[in-house]
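Novice: Give me a model of this one.
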Amino acid sequence: MYLSLEAITEAIKKIQAIHPFFGIDFLAAKKAGLPVGDTIEVRLDSLTRSYMTQYFKPFEFSSFYYGYYENKWLPAKYPGSTSQTRRTRGRWSEPFIHNTDLPRIWGWKSDYLDILQRELIDRELKGNKVPVFHLAVWLYRDKDWFEDTTRDDIIFTFMNEFYITSDEASVLLDISTSTQLSDESLFDSQPVMISSLIPLIGIPSDLPPEGGAILSYLELHGVGPAEKLTFEPGKRINLLTGDNGLGKTFLLDTSWWALTGHWIDYPADPTNRNSKQANITYKVSGEYTESKLITVNYDRASLAWQGNSDNQALPSLLVYAKADNSFAVWDPAQHYQSNTISRPFIFSPQEVWLGLEESTTRRSICEGLLRDWVTWQNTENTVFNTFVQVLKHLSPEDTGQLKPGQPTRIPNEKRLIPTLEMPYGDVAVIYASEGMRRILALAYLLVWAWSEHQAHAKLAQIEPQRRMVILIDEIEAHLHPKWQRLILPALIDVQHELSQELEVQFLIATHSPLVMASVEPIFNSSLDKLFNLELTGKDLFKQQVVLKELPFVRFGVVDAWLTSDVFELAQPRSVEAEKALEAAKRIQLEDEPRVETIQEIHARLVKLLAADDEFWPRWLFFAESYGVQV
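Specialist: Here you go, the predicted structure:
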């Protein structure tokens, strides 16, 4: 478990009263093990830099340190300039044994505690001791603590790590655990994201353009299936459900557009609505910050959207699996580093397998699954190893692991064709079932997109993305129920095969109760969300489509998902059986039911229900009470 945002927020406010000597120089010197009344050779400026890098550098790609004392950002030279000057000149140099002619010789004077106590009493701190608990909360904000950790454990860890003596604790430190927080609010199951601290500590000026943006807000006015739809996805799993034709695919397409600025097929067309103005408002979230709300209007004169280039953060690596087995890939390492590529890579189902070329220059963008698979396999590189592991995660239960066999030749084809080891022998992948071909294509595009992103990031001398967005329309398409039950949890595992640091936002459209049931063990309400598109209004011609966020309920059995608010079936049965059961329920509520009607319903139930159906005891008791022979 991790220290909570509330605990860190309180700590930041408390430690602002600590002079930087005690929060930085003193602790760095203590960690260096300076002796009392003697000296050792040590590069204290270098050790101070290491200490500050560990505890006061929350942004990995910035050279600045967080200066808690004045709540400002300190430059990279701070440990060797300001901090070093403080230790060698003026009153804060008095506790040390040090000669500027011997810059690496350091120690504590025998009366260093008296000197520091005087500073506490006479100077800025006005007698207030250093609040150890709050300082430790800041220092250990990223530490994974044991479940039974107490406040005293946190202080003990601090005292032990910095070799704090009992005399130092008595003279300089406040070791109480006083806080306004309850024990329950002190910890959280997840570490605090740096983005949550930004309102408190701000952002250093040298932070590079932020990458890895995911979608955090989307609002549609006068376009799509409703006059207004608002979609606020979670950071990880987002499940979109609803009847056919209510807009699941449209939401995925628009989410893609909000992140990339490009439509995959045709742009959203609001011209068939009566709205005077159509617009799309969205917001993206980088690792550290959220963009402002961006509104793009539809210009009816030019029949086009006005533009979509105001993102403050570069989008993540995106992979979109369409329901027709086409794909789209957006790679920020290529799209922002090259003047020759300005659009996403759109793959038809055939191009996924045979390769994709740039339409004007005919240069190769992607070699395709058939050629890349064989190339990866023959060179035995790390990409192929990753591909094998991804296939292993995505494999179905019934036929076992999707394991590559040896490439083979087939009639009328000159190239080598990859194969899969099946229980009944090796099968060329072009002869695989539709379900397997869909999973092979998905696995291939994920691995290809990630490997290409890493290669282009290296060429551009930038860090690879640590976030990715995967959009999948009808994730269950062509898959056996056994496969539907494991596909989404398997994709959650796949992200770590690509990179241990990778975080993925999933936007998933589905009609499958098995997919819903599969998420029950892993659904986290702080990261994941469930949405349902539905029609409201009793008048058939005045019904409106609405998007509702539903609470995620763990039903335990698939039947319960079918009758939930997500799928809204009255019974998890055939239509005829459902009608017969509804008729049986209605007649049991009548004051004087007709025997002939009971007999007719009973005959229907005998035809439609299993012999051990749970409805029989209730029905038989009712029918026999009215003299019906059953």
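Novice: which regions of the stretch 351-500 of the chain lie under the pLDDT threshold?
Specialist: Applying pLDDT under 70 to the stretch 351-500 of the chain picks out residues 399.
Novice: So which residues of it form helices?
Specialist: Taking DSSP state H, counting those that start in this stretch as the test, the helices found in the stretch 351-500 of the chain are 369-379, 382-394, 434-459, 481-484, 487-498.
Novice: Turn those into JSON lines, including mean neighbour count and distance to M422.
Specialist: Any C-beta I mention is one placed from the backbone N, CA and C, and that applies to glycine too. JSON lines is the format used below for the helices of the stretch 351-500 of the chain (neighbours: other CB atoms under 10 Å; distance: least, CB to CB, whole Å):
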{"stretch": "helix 369-379", "mean neighbour count": "19", "distance to M422": "16"}
{"stretch": "helix 382-394", "mean neighbour count": "19", "distance to M422": "13"}
{"stretch": "helix 434-459", "mean neighbour count": "20", "distance to M422": "9"}
{"stretch": "helix 481-484", "mean neighbour count": "18", "distance to M422": "15"}
{"stretch": "helix 487-498", "mean neighbour count": "20", "distance to M422": "19"}
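Novice: Name the nearest residue to the residue minimising distance to the centre of the chain, sequence neighbours excluded.
Specialist: Closest residue to the average C-alpha location of the chain: R236 at 3.5 Å, with CA atoms, centre = their mean. Closest residue in space to R236, ignoring its immediate chain neighbours: L527 at 4.0 Å, by CB to CB, 6 or more residues apart in numbering.
Novice: N532 now?
Specialist: T241 (4.9 Å).
Novice: Equivalent analysis for A583, please.
Specialist: Of all residues not flanking A583 in the chain, I601 sits nearest, at 5.3 Å (CB to CB, 6+ apart).
Novice: gap between the one you found and E592?
Specialist: Applying CB to CB, to the nearest Å, the value for I601 to E592 is 15 Å.
Novice: and those two? which has more neighbours close in?
Specialist: Between I601 and E592, I601 has the larger neighbour count (other CB atoms under 10 Å), namely 22 against 5.
Novice: quick one on the thing from earlier: what about the residue nearest to the centre of the chain, distance to V519?
Specialist: In terms of CB to CB, R236 sits 11 Å off from V519.
Novice: Now for the two: what residues contact both?
Specialist: By CB atoms under 8 Å, 6 or more residues apart in numbering, R236 and V519 have these common neighbours: D528.
Novice: list the helices and strands the helix or strand harbouring K283 packs on?
Specialist: Secondary structure assigned from DSSP states H and E places K283 in strand 279-285. Where contact means 3 or more CB pairs under 8 Å, 6 or more residues apart in numbering; DSSP states H and E, strand 279-285 is packed against strand 214-221, helix 248-260, strand 294-299.
Novice: any chance of those in a markdown table, plus distance to Q543, mean pLDDT and mean neighbour count?
Specialist: Below are the helices and strands packed on strand 279-285 laid out as a markdown table (distance: least, CB to CB, whole Å; pLDDT from 0 to 100; neighbours: other CB atoms under 10 Å):
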| stretch | distance to Q543 | mean pLDDT | mean neighbour count |
| --- | --- | --- | --- |
| strand 214-221 | 17 | 94 | 22 |
| helix 248-260 | 17 | 94 | 23 |
| strand 294-299 | 24 | 91 | 16 |
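Novice: For L471, which of these is the nearest?
Specialist: helix 248-260 (5.1 Å; CB to CB).
Novice: For the stretch 151-300 of the chain, which segments count as strands?
Specialist: 173-174, 187-188, 214-221, 228-231, 237-242, 279-285, 294-299 (DSSP state E, counting those that start in this stretch).
Novice: and the helix or strand of the chain with the lowest mean pLDDT, how far from the chain's centre?
Specialist: Least confident element among the helices and strands of the chain, by mean pLDDT, DSSP states H and E: helix 332-335 (a mean of 78). How far helix 332-335 lies from its chain's middle: 20 Å, per CA atoms, centre = their mean, to the nearest Å.
Novice: for stretch 220-230, same thing?
Specialist: A distance of 26 Å separates the centroid of the chain from that of stretch 220-230, by CA atoms, centre = their mean.
Novice: who's in contact with it?
Specialist: With contacts defined as CB under 8 Å, 6+ apart, stretch 220-230 is touched by 217-219, 231, 245-247, 250-251, 254, 268-270, 273, 275-281, 298, 533, 544-547.
Novice: For A7, which of the strands of the stretch 151-300 of the chain is the nearest?
Specialist: Closest approach to A7 among these (CB to CB): strand 187-188, 7.6 Å.
Novice: how about L547, secondary structure?
Specialist: The three-state assignment at L547 reads strand, by DSSP: H, G, I helix; E, B strand; the rest coil.
Novice: G435 and C366: what is the separation?
Specialist: Relative to C366, and taking CB to CB, G435 is found at 23 Å.
Novice: correction: W483
Specialist: From W483 to C366 the distance is 26 Å (CB to CB).
Novice: Pretty sure L446 sits against A321.
Specialist: No - if you go by CB atoms under 8 Å, L446 and A321 don't touch, sitting 9.1 Å apart.
Novice: if I look at those two, which residues touch both of them?
Specialist: With CB under 8 Å, 6+ apart, L446 and A321 have common neighbours I470.
Novice: tell me the contacts of T536?
Specialist: 543-546.
Novice: Counting neighbours, which of those comes out on top?
Specialist: Going by other CB under 10 Å, V545 tops the contacts of T536 with 20 neighbours.
Novice: didn't it look like it was pressed against L251?
Specialist: No - V545 is beyond contact range of L251, at 10.7 Å (criterion: CB under 8 Å).
Novice: Specify the beta-bridge partners of P404.
Specialist: When assigned by DSSP bridges, P404 has beta-bridge partners L420.
Novice: Tell me the spacing between it and Y431.
Specialist: On the measure of CB to CB, P404 and Y431 end up 15 Å apart.
Novice: isn't Y2 right up against E147?
Specialist: No - Y2 is beyond contact range of E147, at 11.5 Å (criterion: CB under 8 Å).
Novice: Settle it for me: which of the two has more neighbours?
Specialist: Y2 (18 against 6).
Novice: what residues are up against the more buried one?
Specialist: 141-145, 187-192.
Novice: Closest one to P35 out of those, please.
Specialist: For the contacts of Y2, the minimum distance to P35 (CB to CB) is 28.7 Å, reached by K143.
Novice: Any idea how many residues pack against that closest one?
Specialist: So K143, with other CB under 10 Å, has 15 neighbours.
Novice: One more: A76?
Specialist: A76, neighbours per other CB under 10 Å, totals 16.
Novice: Now for the closest residue in space to it that isn't next to it in sequence: which residues touch it?
Specialist: Once flanking residues are discounted, A76 sits nearest to S63: 3.9 Å by CB to CB, 6+ apart. By CB under 8 Å, 6+ apart, S63 lies in contact with 75-76, 204, 206.
Novice: tell me the secondary structure for L514?
Specialist: helix.
Novice: Now do it against L246, distance only.
Specialist: 21 Å.
Novice: V469 too?
Specialist: Distance from V469 to L246, counting by CB to CB: 22 Å.
Novice: Neighbour count for those two, which is higher?
Specialist: V469 (25 against 21).
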